[in-house]
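**Student:** coords below, sequence missing:
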Ligand code: FEO
């Protein structure tokens, strides 16, 4: 049993089975569902885990309790990857009081049929467990409306729900200072872009509120406990939630027979000729949207290419664009291009997408009929060059 601070134990689990988080997002490194148990004069569990792991989780909780009962369960977040084991936990500890806010309790009734033994908290309320002094802060829409965070003033620990979380299991160690964290940073960006990306403003409001607290440890619901890297984890969430981007370009395109891809290659070479070093190309039929979203959050320049498909965008391009639109990604430089065989529609539809996103359009869109001509090549090159120049003017 990992004791991460005085009387506070890690009782979460690793999911190495699922291939897709939320049945959408690839999990090459798996994911952890973190829960924490405070064994003080009162015993307090903070969150549970996905129901698939309830058996292992309940054993861990019982082991850490060493024969004592459970007094409180704090529910920071009701999404089933954390709240899935609440009903079984209640069966094992019928006297446990469930701590949450009014929105938590609406969901608790809906998901689990639990309406009694509740302990309601509001913004700033406290719970004294003996040595530990807990207080509660509402963080609506980071990632669901009922989300709250719990702060332990005794050890200066923030139990932050999904905030500051990342994909990736905990492979032995739990606390960042005891492990090599290098692979978690890219996974944190991808997790943010996939899961929390739409909620930039709520994340900013929560960060503002939490800035008043002295935080030495962050216990998120996914990924490592942050001690050594608190500032880095907070900095990544702060930057991403302001839609701040790095100097670089992501070119995402669909291509059935290679003509649109050929246009993408010319655009990329123009960017490189102008000195842009960070250029990422994604064939949308091959790269999962999860990774494309991460790069759209990371880079300032977005260039989208699509063939015309039955007078529409190529459906695979459309699917990615709808995910970008859903996340309301702001302040990007936008270029676009497309190809067609007999009647062009893709370029017009990409123009409409850029307007909807309120992105700054850069250069002249390149539109190619059938095979690439010298004029098409020049148009693609000019588009890449224009993006590079605009990118540098903003640096
Ligand atoms: Fe990890 Fe929003 O649940």
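**Tutor:** Alright, I've got the coordinates. As the structure is a prediction and not an experimental result, all values here were calculated from the model.
**Student:** show the backbone phi and psi for the most centrally placed residue in the chain.
**Tutor:** With distances taken as Cα atoms, centre = their mean, the residue of the chain nearest its centroid is residue 192 (2.0 Å). Phi and psi for residue 192, reported as degrees, to the nearest 10, are phi -60, psi -50.
**Student:** any idea how far it lies from the ligand?
**Tutor:** 12 Å (Cβ to the nearest ligand atom, to the nearest Å). Where C-beta positions appear, they are placed from N, C-alpha and C, glycine not excepted.
**Student:** can you tell me the helix or strand for the residue nearest to that residue when sequence neighbours are not counted?
**Tutor:** Spatial nearest neighbour of residue 192, excluding adjacent residues (Cβ to Cβ, 6 or more residues apart in numbering): residue 240 at 4.9 Å. For residue 240, the element it lies in under DSSP states H and E is helix 230-241.
**Student:** quick check: mean pLDDT of that helix?
**Tutor:** The average pLDDT within helix 230-241 is 97.
**Student:** got a list of what the residue in the stretch 151-300 of the chain positioned nearest to the ligand touches?
**Tutor:** Closest contact between the stretch 151-300 of the chain and the ligand, by Cβ to the nearest ligand atom, is at residue 162 (4.4 Å). Counting by Cβ atoms under 8 Å, 6 or more residues apart in numbering, residue 162 makes contact with 77, 79, 142-143, 147, 195-196, 220-222.
**Student:** counting contacts, what elements does whatever helix or strand residue 73 lives in pack onto?
**Tutor:** Assigned by DSSP H and E, residue 73 falls within strand 72-74. Applying 3 or more Cβ pairs under 8 Å, 6 or more residues apart in numbering; DSSP states H and E, we find strand 72-74 packed against strand 43-46, strand 97-100.
**Student:** most neighbours per residue, which of those?
**Tutor:** Highest mean neighbour count of the helices and strands packed on strand 72-74: strand 43-46, a mean of 26 (counted as mean count of other Cβ atoms under 10 Å).
**Student:** could you give me the average pLDDT of the helix or strand that it is followed by?
**Tutor:** Using DSSP H and E, the helix or strand that follows strand 43-46 towards the C-terminus is helix 54-65. In this model, helix 54-65 carries a mean pLDDT of 98.
**Student:** show me which residues of the stretch 101-250 of the chain are close to the ligand?
**Tutor:** Selection of the stretch 101-250 of the chain residues close to the ligand by Cβ under 6 Å from any ligand atom yields 143-144, 162, 221-222.
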